[in-house]
Every structure is written in C-alpha cells, then in structure tokens.
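**Student:** Model the structure of this input:
(chains A, B and C)
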Amino acid sequence: MCQQTQVVTVIPYWERWITRFPTVASLAQAPEQEVLQYWAGLGYYQRARNLHRAAMWFAKVGFPTSYAEWLQVPGVGDYTAGAIASICFNQPTPAVDGNVRRVYARLNAQASASGARTWAAGVMDAQCPGTWNQALMELGARICKPRNPDCKNCPVEKFCSGKSSPEKYPTPTPQRASILIERYVALCRREGKWAMRQAQPGEWGEGLWEFPSKESPWDGEVVGVVRHTITHHRITLKVQMADVDTRVWQAALDIPHLPMGSAHRRIAQNFLGG
DNA sequence: TATACGTGGAG
DNA sequence: TCTCCAAGTAT
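**Tutor:** Numbering: from 1, shown residues only, chains lettered A, B, ... in the order given. Got it, this is the predicted structure:
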C-alpha cells in the first residue's frame, strides 16, 4: 500500500462563496442546487435555502429598514432582526443572542433565560441601541463566558446577583439520550459511474446527494465504517461494495462537485478510489 | 414551549 | 476513539 502525497490548497468556504455569489442578485439568480453545493459541508442546510430565499426577496422588493420588516425575511428571527434594526437603523430593539441570555440569567440569578428579552428591552440605551446591544453581546462572549467567567474584570460585577456561582445560571437543559442508528451504505459502480440518490423532503439533508443505504446489510463486502452525529442521533454507516438497482448514476469526476453532507462526502473521499 | 437541525473542535 | 458542546430559526 503506497500513500501518495499531494499538495492541496484549501480554499476557505467564505472565499468560494463570495467569489461565486458576490452580489445579492447573483445569489438570487442561482439555482438552489448550486447554492447547496457551495454550502455543502457546513450543515444546517435549511439556512442555505433561507438565505437563498432571502436574496430573492431582497432582489424583488429591496432591503427592509425596520425590525418588523426584517422579521418577515426567511431565516431572519428575533435576534437577527433586532441586531440589524439596532446596528444599521438605530432602532431601540433588543438583540438577544445566547451571550445576552447568559448575562441576563447570571446578573439576575435566574435559572431560566426566558425573561432575557423583556429585561434587555428595559435596560436598552435608546440613544445608542446598536452599540449597546453589541456591548451586551461582547460582555457575554469575552467576560461572562459559559465556563470560567472572568468576574474580576467584569464591569457590572457589583450589580450581579449570580456572581458567587455564575456557572449555575442559567440551569443547563438536561441532555437527551442518544439514539443509535446503524445503516448499510452501498457503493455500486458501473461504467465509471456510481449509484447515488438525492435526499427527499423530510429526510436528513434534503436535496443533498448520498449513496444508497438501508437498515439491513447489502450483499457485498464491508469495506469500512463511517461514524457521524446529527444532534442526538449517533449514526454508524457501514460501507459495502454491493450491487444496487437504481436509475440515478453520477460520474466519479462529478461527485466532488455535488452538494453532499459530511458523512457521505467522507465516504466518497475514502472509498471511491478504485 | 420544546424540539430538530449538521458539523467540527476541545478535552 | 469517544463524548460533549455550541447558537439561532422554524415549527
């Protein structure tokens, strides 16, 4: 077995993305499959679809200028709308991210962060809402960190009700039990092409390409195992060389350019060599 | 209000 | 190698 050494220039995701989609219009005009292709590997594929829909929205009606309008944009929720409205349009809307929720819970010794938005609206500096919101978020990111918070350098330590045991707030949500999933993946090559399929709506990775798989083994040699986790699902993919009955085939040279999730991408990289 | 979503890095 | 963790939106 001999290993080939090759020099690979890794182009960052953002650079590939911004080169292909330098403007809102270019993103709006792209087919969704291509948007997914450039997003592939990052996860949260619904975000890519929402970003694409948002671009089409902007191309059609322009950028919103208020919190309420931004909330209508696909993929934009309370935090993003509040951040944009306050930072770009000087509107006194809270921008409550995970950092701000943690600052709220500790400052007020609250087990739950559900009151964070009401609190943030109340302490808002209406003269400089964007700067205020960014300061709150930075306080959480740099001082009031999830672990080892730097209380001695905290500008509001003397007001803090949770300072004696900051890591108790907010109470962590109990972790879910893992669900173990085992599937058998078939690699089937005919005339230089590989059997593949696109994940359907309702399946994981909708619209992404993958190799055929099922819960029971195929008739073929197991050549490897790939492990993968999606939230609390621990997935073991056993890779087999097997014959499958399919009508969809992809040329080996095209596979690196298809939108694929990381597990099947790893399978393609590790097992399609021959 | 609780849960699903995908991945990579830290330990 | 394994386990744990992260942040925001949609539903």
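**Student:** partners of the helix or strand A:Val222 falls within in the sheet?
**Tutor:** Using DSSP states H and E, A:Val222 falls within strand A:220-230. In the sheet containing strand A:220-230, its partner strands are strand A:233-242 (antiparallel), by DSSP bridges.
**Student:** tell me the average confidence for the strand it pairs with?
**Tutor:** Average pLDDT, strand A:233-242: 95.
**Student:** cool, and stretch A:103-121?
**Tutor:** Over the span of stretch A:103-121, the pLDDT mean works out to 93.
**Student:** Give me the buried positions along it.
**Tutor:** Neighbour-count burial for stretch A:103-121, counted by 16 or more other CB atoms under 10 Å, picks out A:103-110, A:113, A:116-117, A:119-120. C-beta coordinates here come from the backbone N, C-alpha and C atoms, glycine included.
**Student:** Quick one: check the strand holding A:Val222 for contact with DNA strand C.
**Tutor:** Yes: applying CB under 7 Å from any atom of the strand, one finds strand A:220-230 in contact with DNA strand C at A:Arg227, A:Thr229.
**Student:** Show me the contact partners of that strand.
**Tutor:** Residues external to strand A:220-230 that are found in contact with it (CB atoms under 8 Å, 6 or more residues apart in numbering): A:185-187, A:204, A:234-243, A:262-263, A:266-267, A:270-271.
**Student:** can you rerun that using 6 Å?
**Tutor:** By CB atoms under 6 Å, 6 or more residues apart in numbering, the residues outside strand A:220-230 that reach it are A:Ile235, A:Thr236, A:Leu237, A:Lys238, A:Val239, A:Gln240, A:Met241, A:Ala242, A:Ala263, A:Arg266, A:Ile267, A:Phe271.
**Student:** Starting from DNA strand B, give me the distance back to the second one.
**Tutor:** Read it as A:Thr236. Shown here: A:Thr236 relative to DNA strand B, a distance of 13 Å by CB to the nearest atom of the strand, to the nearest Å.
**Student:** In contact with A:Ala113, which residues?
**Tutor:** The contact partners of A:Ala113, by CB under 6 Å, 6+ apart, come to A:Arg101, A:Tyr104, A:Ala105, A:Pro170.
**Student:** from the contacts of strand A:220-230, which two are the most distant?
**Tutor:** A:Ile235 and A:Met241 (20.2 Å; CB to CB).
**Student:** still on that earlier bit, which entries in the contacts of A:Ala113 are shared with the contacts of DNA strand B?
**Tutor:** Okay, of the contacts of A:Ala113, nothing touches DNA strand B (CB under 7 Å from any atom of the strand).
**Student:** Turn these into JSON lines, including distance to DNA strand C and secondary structure.
**Tutor:** Formatted as JSON lines, those follow (distance: CB to the nearest atom of the strand, whole Å; DSSP: H, G, I helix; E, B strand; the rest coil):
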{"residue": "A:Arg101", "distance to DNA strand C": "7", "secondary structure": "helix"}
{"residue": "A:Tyr104", "distance to DNA strand C": "12", "secondary structure": "helix"}
{"residue": "A:Ala105", "distance to DNA strand C": "12", "secondary structure": "helix"}
{"residue": "A:Pro170", "distance to DNA strand C": "10", "secondary structure": "coil"}
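**Student:** now, among these, which is nearest to DNA strand B?
**Tutor:** A:Pro170 (11.5 Å; CB to the nearest atom of the strand).
**Student:** any idea how far A:Leu107 is from that closest one?
**Tutor:** Distance, A:Pro170 to A:Leu107, using CB to CB, to the nearest Å: 11 Å.
**Student:** again, but for A:Gln46
**Tutor:** 33 Å.
**Student:** hang on, the earlier thing: weed out the non-buried ones from the contacts of strand A:220-230.
**Tutor:** By neighbour count, with 16+ other CB under 10 Å, those hold A:Ile235, A:Leu237, A:Lys238, A:Val239, A:Gln240, A:Ala242, A:Ala263, A:Arg266, A:Ile267, A:Phe271 as buried.
**Student:** On the strand side of things, show who the first one bridges to.
**Tutor:** Under the criterion DSSP bridges, A:Ile235 forms beta bridges with A:Ile181, A:His228.
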